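>>> Quick one, structure for this:
(2 chains)
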Amino acid sequence: DTGVSQDPRHKITKRGQNVTFRCDPISEHNRLYWYRQTLGQGPEFLTYFQNEAQLEKSRLLSDRFSAERPKGSFSTLEIQRTEQGDSAMYLCASSLTGGLNTEAFFGQGTRLTVV
Amino acid sequence: ELKVEQNPLFLSMQEGKNYTIYCNYSTTSDRLYWYRQDPGKSLESLFVLLSNGAVKQEGRLMASLDTKARLSTLHITAAVHDLSATYFCAVDGYTGTASKLTFGTGTRLQVTL
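Below you'll find the predicted structure:
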């Protein structure tokens, strides 16, 4: 296992189009997170799964955003009717559950540009 | 709402010098992480600090955590150019059922020859 994998690495889309990103976490990790990072800022939490259950969603996650983790393994993040303000790096992370150390390991990210 | 502040936001330092980056956070937490990010890249985990008084060192970097002061520091000793990157602290706002990280705004470190 080589770590958290995200696909695609880059996506350019026209405003109004739908886009979907995929994240494959580290295999034994049952927690999966999505973050968004805009230029010059730190990552901001979007949503979090434990196994297949989506346990928390940020207020940043508007109705146009939806995330799934159907079998508790990979996850998808879909953005409908993209807007220029959606341009950002979308980061996926995974971690183990239980115990004190919930260190999250991040994927390489998907850079979205909405034109 | 948990807030995390880092300072300075930008740091230009000469090779061989020492400096400290500060990370303050607003609510109780005993889990703090430091990450490094190179331009256009993802986040690389540097340190995991899980208790008051924790100190971790790796090469020229040393991180510490004071949960009573809600403060973590990342100390750079004898900086080298390869350390140029953006450094983020992230606090785990663990609530007992969920765990998520709140990141600081980052400190962009530039080490000049």
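>>> Now do the same contact list for residue B:55.
B:62, B:63, B:64, B:65 (Cβ atoms under 8 Å, 6 or more residues apart in numbering or on different chains). Every residue, glycine included, has its C-beta placed from N, CA and C.
>>> Try it again at 6 Å.
Residue B:55 makes contact with residue B:64, according to Cβ atoms under 6 Å, 6 or more residues apart in numbering or on different chains.
>>> Pull up the per-residue confidence for it.
We have a pLDDT of 93 for residue B:55.
>>> Next one: it from residue B:65, what distance?
Using Cβ to Cβ, to the nearest Å, residue B:55 is found at 8 Å from residue B:65.
>>> Residue A:32 now?
26 Å.
>>> Now residue 7. Nearest residue, chain neighbours left out?
I went with chain A, as the question did not name one. residue A:22 (4.8 Å; Cβ to Cβ, 6 or more residues apart in numbering or on different chains).
>>> ah, I was thinking of chain B
Of all residues not flanking residue B:7 in the chain, residue B:22 sits nearest, at 5.3 Å (Cβ to Cβ, 6+ apart).
>>> what about that neighbour, neighbour count?
15 (other Cβ atoms under 10 Å in any protein chain shown).
>>> now swap in residue A:19 and tell me
Neighbour tally, residue A:19, other Cβ under 10 Å: 18.
>>> Just the buried positions in stretch B:87-96, please.
For stretch B:87-96, the neighbour count (16 or more other Cβ atoms under 10 Å in any protein chain shown) marks B:87, B:88, B:89, B:90, B:91, B:92, B:93, B:94 as buried.
>>> Looking at those residues, which is nearest residue B:5?
When the buried residues of stretch B:87-96 are ranked by distance to residue B:5 (Cβ to Cβ), residue B:89 comes first, at 9.3 Å.
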